[in-house]
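S.K.: Return atomic coordinates for the entry below.
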Amino acid sequence: MSNRRNVVVPTSNATPRLFVQRLEGGVLVGPRLPATPTGGGTGNTVPFNGSEYHYNMKTDSLAVGEWQLQVQLGDGTIQAIPIIIR
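M.R.: Next up is the predicted model:
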């Protein structure tokens, strides 16, 4: 795993955490919210299964519209992409 600056973040101490934040017109609004897992998982830490990171995010509590999905890496950097909830 590497951060935005292409610096490798060692998997052994990488504890990526997943967050969502509302977007309105491309501007972040409101608080950054920890993601909620589906299927009985707990917390917003993205687990590593030995070959990849995998997280099933519950979205039914998110309002319809644009959101930003944010992954905070173990070194504190954040990777983000916009998503749309329909």
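S.K.: For the residue of the chain most remote from its centre, list the residues it contacts.
M.R.: Within the chain, the residue lying farthest from the chain centre (Cα atoms, centre = their mean) is G25, at 20.3 Å. Contact partners of G25, counting by Cβ atoms under 8 Å, 6 or more residues apart in numbering, are absent. For glycine as for every other residue, the C-beta is placed from the backbone atoms N, C-alpha and C.
S.K.: Remind me which helix or strand the residue most central in space within the chain belongs to.
M.R.: Note on the chain: the residue nearest the mean C-alpha position is L18, at 2.6 Å, using Cα atoms, centre = their mean. L18 is part of strand 17-24 when elements are defined by DSSP states H and E.
S.K.: packing partners for that strand?
M.R.: Applying 3 or more Cβ pairs under 8 Å, 6 or more residues apart in numbering; DSSP states H and E, one finds that strand 17-24 contacts strand 27-34, strand 65-72.
S.K.: Pick the most buried one from the ones you listed.
M.R.: Comparing the helices and strands packed on strand 17-24 by mean neighbour count (mean count of other Cβ atoms under 10 Å), strand 65-72 ranks first with a mean of 17.
S.K.: what sits up against the helix or strand just after that one?
M.R.: For strand 65-72, the following helix or strand on the C-terminal side (DSSP H and E) is strand 78-85. Residues outside strand 78-85 that contact it (Cβ under 8 Å, 6+ apart): 3-4, 20, 23, 59, 62-73.
S.K.: circling back to that earlier point, what does the strand holding L18 contact?
M.R.: Residues from elsewhere that reach strand 17-24 (Cβ under 8 Å, 6+ apart): 28-35, 44-46, 55, 57, 62-63, 65-72, 82-83.
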